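A.B. asks: Below: sequence and its predicted model.
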Amino acid sequence: MTPAPHEIDPRHLLEQMLLIRAYEEAIVAGSAAGKVPGTCTSVGQEAAAVGVVNALSGDDLILTNHRSAGHLLARGANPGRLLAEVMGRRDGYCGGRSGSLHISVKELGVVLTSTIVGAELSLAPGVALSQTMLGKPGIVVCFLGDGAACEGSFHESLNLAALWNLPILYVCENNHWQAFVHRREAMSREHVATWAQSYGIPASTVDGNDVSAVLTAATAAAAQVRASRRPYLLETWTYRTRGHFEPDDQGYVDPAERDAWLARDPIALCRDRLVAAGSLDAAGATALAARAADHIAGALAFAEASPYPAPDALTDNVYA
Amino acid sequence: MPAMTLYDAIGAALVEEMRHDPRVLVFGEGVATKRHDLVQEFGALRVRNTPLAEGIIAGTAVGAAGTGLRPVIDLLFAPFLCYAMDELVNSAGKLRFMSGGQFSFPLVTLAMTGAGWGVGAQHNHNVEAWFVHSPGLKVVMPSNPADAKGLLKAAIRDDNPVLFFLDIGLLYQPGEVPAGEHIVPLGQAAVLREGNDVTLVSYGKTVHGCLAAAETLAAQGIAAEVIDLRSLKPLDEAAILASVTRTGRLVVVHEANRLCGIGAEIAALVAEKAFARLKAPIVRLGGPDAPVAASYPLEQAFVPQAAAIATAAATLCQRQAT
Ligand SMILES: Cc1ncc(C[n+]2csc(CCOP(=O)(O)OP(=O)(O)O)c2C)c(N)n1
Ligand SMILES: [Mg+2]
């Protein structure tokens, strides 16, 4: 069973967010130094990932996209194996065949990751159909960006999920950016939730930078999908504070908008709340951050030590 | 052996495989309406009509295949596959490899194509080579009802995504079909007629043009061997090379455009691996680099016909004689 939101230690959520931040910062530094390929980081969106993933149970299946580190780490992926994958090494979860953009980890229920924007939406109904027809209890969680919601596959997916009663929790991480285009330039409506409602799918929008609010909303949404065996769309309202892909000078970003979101950093928000509530002191907070940094330093060393795949394995796993 | 049409042979394979494996399901636009017998036997959950949305039909099949089901989808006419290209090419074809082998995608996509109904270029376009060129996919195109049944059974049991092309012109032609466990393995060509003078390689409806041409050639004293590829990927290279090594002459025939078609691949294969055995240049007969017209005479003119095949083969044989 999924624990109720109040049963999850908020310090655990903070620790996960710190781990994700440390992981992304290691990639940023590594890519600036030419040691790690650039990625689409999830900096600024940690609460949206951690809040949702902690609302799930072990038999739920997750489909994600190119900006997936938060989802994977919150689900318990080993950061060393993730970094090895990003670096194209043999110990990566996909043997180095994916790189950062399409990491699936079947053993954690993270399935069929595609970096074709919107492909997760086209695949999700089939995954939910399998769950239903094979009598499995898990629901399917499909992470998508606001950009993916502009693809035709979003609309085809939601229509089919509503029509066929598929147990899918769509989680739209509305981070205001679709690569180098602001959502205002690309969407006829302010919110993706509005689009979902037009398919008869219940939907809501939550402050994606408040991890407790996301956890509460996602727990309720997942419970509704579990009970109704019908889709739900949760929109997490958040912001991509780094660029689309490393490196990115973000010269196209309105500094006032970005600064306003930086002032609402999800990690600082959570930490300050814990300190104010007396569940954490300043030294404890520093210690948690240091532990996350240590964990990632060890992971990076593991990944760097992992060998590259042998060239003669070039065509492995093309066909069953 | 009962005689049935290719359309009914597909139905027979579906019934047998749905009985054989409860994970098999079929869906598409109008599938439950047209194959009502399947709905009656297997129920509305395993035989479904879908919205008119080829992308999500294919994507749903890929997602289901990747997580434990064995879907067969009917996307109707081959040009409609354009709406499903991401799902078939980027997801079905690549996600096994890209995930380091964590997933497999046992799914079959049915699509009709070819001359016969005068439906024009947006319903008739032989696009099979596109999928041969896409890694991770298998491609088949039967020329008769028995192979249609046997190949579909093999395709449903295969753990890879299979594109299954149905030739419109052959759909309602009857043929003998073995009952029960008749399986045609993917990747095995059939030698339909033996001969030592020239090899005619084809698939789909032009196989029948080759057989008719072989009759004409026999009357001229030329023994043509006719090979029906049946599978385009995996390609039965051994069967092609064994025949051409013996005859020394090759005519490849298909309805699809010649340009970058299957014939180009086969010509290259033979040039690379059996050049020394060739007694004459390789000939490719195929459609022009043009969309197909709806008008009946133009639609027929697109397709290599028996007379042209016989002439091409006879010319090759004369070349050697002089
Ligand atoms: C079909 C397709 N078009 C374009 C791209 C290039 N691209 C990669 S991510 C991205 C932005 C996606 O925006 P969104 O869905 O909002 O996700 P975010 O990056 O904001 O997390 C684009 C345009 C792609 N990978 N796939
Ligand atoms: Mg976005």
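C.D. replies: Sure, I can see it. Ligands and ions are numbered 1, 2, ... in the order given.
A.B. asks: Helices of the chain, start to end?
C.D. replies: Picked chain A for this. Assigned by DSSP state H, the helices in chain A fall at A:10-32, A:46-53, A:69-74, A:79-86, A:119-133, A:152-163, A:183-186, A:192-197, A:211-228, A:255-262, A:266-276, A:282-305.
A.B. asks: Chain B, not that one
C.D. replies: For chain B, the helices defined by DSSP H cover B:6-20, B:31-34, B:36-42, B:54-66, B:85, B:95-98, B:128-132, B:145-157, B:206-219, B:237-247, B:262-273, B:296-302, B:306-321.
A.B. asks: circling back: just name the most buried of the helices of chain A.
C.D. replies: Across those, averaging neighbours per residue (mean count of other CB atoms under 10 Å in any protein chain shown) puts helix A:46-53 on top, at a mean of 31. (Glycine included, C-beta is placed from N, CA and C.)
A.B. asks: who's in contact with that one?
C.D. replies: Helix A:46-53 is contacted by residues A:13, A:16-17, A:20-21, A:42, A:62, A:70-71, A:73-75, A:141, A:143, A:171, A:173, A:208-215, A:217-218, A:234, A:236, A:238, A:266-267, A:269-270 when judged by CB atoms under 8 Å, 6 or more residues apart in numbering or on different chains.
A.B. asks: Leaving out chain neighbours, which residue sits closest to the residue of the stretch 101-250 of chain B found nearest ligand 2?
C.D. replies: At 26.1 Å from ligand 2, residue B:103 is the closest residue in the stretch 101-250 of chain B, using CB to the ion. Spatial nearest neighbour of residue B:103, excluding adjacent residues (CB to CB, 6 or more residues apart in numbering or on different chains): residue B:66 at 4.5 Å.
A.B. asks: contacting residues for the one you found?
C.D. replies: Residues in contact with residue B:66 (CB under 8 Å, 6+ apart) are A:111-112, A:123, A:126-127, B:95, B:103-105.
A.B. asks: Need those residues in JSON lines (columns: distance to residue B:33 and pLDDT).
C.D. replies: Listed next are the contacts of residue B:66 as JSON lines, based on distance: CB to CB, whole Å; pLDDT from 0 to 100:
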{"residue": "A:111", "distance to residue B:33": "32", "pLDDT": "98"}
{"residue": "A:112", "distance to residue B:33": "30", "pLDDT": "97"}
{"residue": "A:123", "distance to residue B:33": "26", "pLDDT": "98"}
{"residue": "A:126", "distance to residue B:33": "22", "pLDDT": "98"}
{"residue": "A:127", "distance to residue B:33": "26", "pLDDT": "98"}
{"residue": "B:95", "distance to residue B:33": "31", "pLDDT": "98"}
{"residue": "B:103", "distance to residue B:33": "32", "pLDDT": "98"}
{"residue": "B:104", "distance to residue B:33": "31", "pLDDT": "98"}
{"residue": "B:105", "distance to residue B:33": "27", "pLDDT": "98"}
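A.B. asks: Would you quantify the distance from the residue of the stretch 101-250 of chain B at minimum distance from ligand 1 to residue B:163?
C.D. replies: Proximity of the stretch 101-250 of chain B to ligand 1 (CB to the nearest ligand atom) peaks at residue B:134, 16.5 Å away. From residue B:134 across to residue B:163, the span is 9 Å (CB to CB, to the nearest Å).
A.B. asks: Could you do residue A:226 as well?
C.D. replies: According to CB to CB, residue A:226 and residue B:163 sit 37 Å apart.
A.B. asks: Then residue A:175?
C.D. replies: According to CB to CB, residue A:175 stands 37 Å off from residue B:163.
A.B. asks: My guess is residue B:319 contacts residue B:248. True?
C.D. replies: No: Residue B:319 lies out of contact with residue B:248 (CB atoms under 8 Å); the separation is 10.8 Å.
A.B. asks: need the helices of chain A in CSV with distance to residue B:15, can you?
C.D. replies: Formatted as CSV, these follow (distance: least, CB to CB, whole Å):
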stretch, distance to residue B:15
helix A:10-32, 51
helix A:46-53, 43
helix A:69-74, 42
helix A:79-86, 44
helix A:119-133, 19
helix A:152-163, 26
helix A:183-186, 47
helix A:192-197, 39
helix A:211-228, 34
helix A:255-262, 58
helix A:266-276, 55
helix A:282-305, 51
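A.B. asks: among the ones you listed, which is nearest ligand 2?
C.D. replies: Closest to ligand 2 of those is helix A:183-186 (CB to the ion; 6.7 Å).
A.B. asks: who touches the closest one?
C.D. replies: Defining contact as CB under 8 Å, 6+ apart, one finds that helix A:183-186 is touched by A:146-147, A:150, A:174, A:176-178.
A.B. asks: is any part of it close to ligand 1?
C.D. replies: No: Helix A:183-186 lies out of reach of ligand 1 by CB under 6 Å from any ligand atom, never closer than 7.3 Å.
A.B. asks: Kindly export that helix (C-alpha atoms) in CSV.
C.D. replies: Coordinates of each C-alpha in helix A:183-186 appear next as CSV, following Å, rounded to 0.1, in the frame of the first residue of the first chain:
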residue,chain,number,x,y,z
ARG,A,183,4.4,28.2,-23.3
ARG,A,184,2.6,31.5,-23.8
GLU,A,185,3.7,31.5,-27.4
ALA,A,186,2.6,27.9,-28.0
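A.B. asks: That one - what's its average pLDDT?
C.D. replies: In this model, helix A:183-186 has a mean pLDDT of 97.
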